[in-house]
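S.K.: I would like the atomic coordinates for the input below:
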Amino acid sequence: MMTFEEIGIEERLVKAVTDLGFVNPTTIQEKAIPVLLSGTTDFIGLAQTGTGKTAAFGLPLLDLIDASAKYPQALVVCPTRELCLQIVNEVELFKKYMPSVHVVAVYGGASIGMQIRDLKRGVQIVVATPGRLIDLIERKAINLEQIKYVVLDEADEMLNMGFQDDIEFILKNTPKRESTWLFSATMPPEIRRVSKRYMKEPVEVTVGQMNTTNKNIDHQYYVASAQHRYDTLKRLIDFNPGMYGIIFTRTKADAQAIAEKLTREGYDIDALHGDLTQGQRDKVMGDFREKHLQLLIATDVAARGIDVKDITHQF
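M.R.: Predicted structure coming up:
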C-alpha cells in the first residue's frame, strides 16, 4: 500500500497529514493525486461522498499554488454552504505548515462585505457556492483571470440543484485555467456534456461501485398513509431510545412542521433547511454534532456535505 510520502506531495503536506493520523491514502487519493500534481491534466473522479475527495484535490492544490502570489489561483465550486465550510476546514488542516497560503469560503447567507474584505487581504484558494461566486464576479469583487485550477465538487448535485448555467458561466470566466478537476458520485448526461465542452482529454477514475451501500446497513420500509405517517415516525423513534439520526423531508415546510411537532412532545430535535440564517444553521449543526440533539430533520439540499459520525438511523 502506498504512503503519502510515496505519492509525491511535498514534505510540509506529508507532515500535516501525518499529524492528522493519516499514513496511507484512500483509493481516490492514490489514483487522483499523482495525476493532479502535474497541474495540466483535466480529471474526472467518480466516487461516493466520504471517500476522501477533499484531500484528493486539496493536497495537490496546496502543492501547486504559488504561496508568494497573493491572488486567487485555485477555485473550488461546491453546492452548499455546509460543504463549502467543510472543505475550507479540511484544507486549513492540510496547510498547517504553509502559513503564507490563505483559503477563503464564499457562500450565500453570510455577509458579502466581510467576504469581499477577506478576498482583498489576498488569498490563493477560493471555495465557493455558485450563486455567491457569480454575485462577487458581477460586483467585480473577485478576479478569476489568474485562476489556474478549477475544481467542481459534488458536480452531480450542483446540476440537480439547477446550477448548470452558473457552472458554465464560471468556466467561461476562468480563461487561463490550466486544468479542470471534476468530482462526482454519478455521471449524468449533463455532466458528460459539460466535460466534453470544457475539458480536454480528461483522465477518468472510478472508485468503488456507483451508488453502493455499506454492507452493515439494515434497510426497512413501512407503508403508511399520509395521515398516519407522523404517528408511525414517532412510534419508531420511541421504539429505538438510543437513536441518533437524520430525518429527511421533501420540503422546508415539512422539515419545520415535523421538528415543531416533535419538539412540543418533548423530543430533542431541530430542523435544518435553506430558510435558516447561517448563524442558525451553524448552531443547529453544532448542537447535533455535540449530541445535544437526538435527531436532525433536514431537506436533502441542506444536508449535503454534513459529516457526522456514529449516525444510527436515517429516515
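
S.K.: dump the residue contacts of the closest residue to E92 other than its chain neighbours.
M.R.: Once flanking residues are discounted, E92 sits nearest to V103: 6.4 Å by C-beta to C-beta, 6 or more residues apart in numbering. (Glycine included, C-beta is placed from N, CA and C.) Taking C-beta atoms under 8 Å, 6 or more residues apart in numbering, we find V103 in contact with V88, V91, E92, K95, V123, Q124, I125, V126, V127.

S.K.: also I217?
M.R.: Counting by C-beta under 8 Å, 6+ apart, I217 has no contacts.

S.K.: on the three-state scheme, it is what?
M.R.: Secondary structure assignment for I217 (DSSP: H, G, I helix; E, B strand; the rest coil): coil.

S.K.: low-confidence stretches in the chain?
M.R.: The chain contains residues with pLDDT under 70 at 209-215, 300-307.

S.K.: what's the domain layout of it?
M.R.: The record's domain split for the chain, according to automatic domain parsing, is 4-206, 226-314.

S.K.: and among those, the most buried is which?
M.R.: Of all those, domain 4-206 has the most neighbours on average by mean count of other C-beta atoms under 10 Å, namely a mean of 18.

S.K.: sorry, back to before: so for Q220, which of the domains of the chain sits nearest?
M.R.: Among the domains of the chain, domain 226-314 comes nearest to Q220, with 9.0 Å by C-beta to C-beta.

S.K.: first-to-last residue distance for the closest one?
M.R.: 19 Å (C-alpha to C-alpha, to the nearest Å).

S.K.: ok, now stretch 69-87?
M.R.: 22 Å.

S.K.: and what of stretch 107-127?
M.R.: Using C-alpha to C-alpha, the two ends of stretch 107-127 sit 8 Å apart.

S.K.: residues making contact with that stretch?
M.R.: In contact with stretch 107-127 (C-beta under 8 Å, 6+ apart) are residues 61-62, 65-67, 69-76, 78, 80-81, 84-85, 87-88, 91, 101-106, 128-129, 131-133, 135-136, 139, 141-142, 277-278, 281.

S.K.: how about 6 Å then?
M.R.: Residues outside stretch 107-127 that contact it (C-beta atoms under 6 Å, 6 or more residues apart in numbering): 65, 70, 72-76, 81, 84, 87-88, 101-106, 129, 131-132, 141-142, 278.

S.K.: turn the contacts of V103 into TSV, columns for secondary structure and distance to G245.
M.R.: Formatted as TSV, those follow (DSSP: H, G, I helix; E, B strand; the rest coil; distance: C-beta to C-beta, whole Å):
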residue	secondary structure	distance to G245
V88	helix	27
V91	helix	29
E92	helix	29
K95	coil	34
V123	coil	37
Q124	coil	39
I125	strand	34
V126	strand	34
V127	strand	28
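
S.K.: quick check, nearest of the residues you listed to M187?
M.R.: The closest of the contacts of V103 to M187 turns out to be V127 (C-beta to C-beta; 23.1 Å).

S.K.: just give the nearest non-adjacent residue to the closest one, would you?
M.R.: Per C-beta to C-beta, 6+ apart, closest to V127 is V76, 4.4 Å.

S.K.: can you tell me the strand partners of the strand or helix carrying that neighbour and which way each runs?
M.R.: Assigned by DSSP states H and E, V76 belongs to strand 74-77. In the sheet, strand 74-77 lines up against strand 125-128 (parallel), strand 149-152 (parallel) (DSSP bridges).
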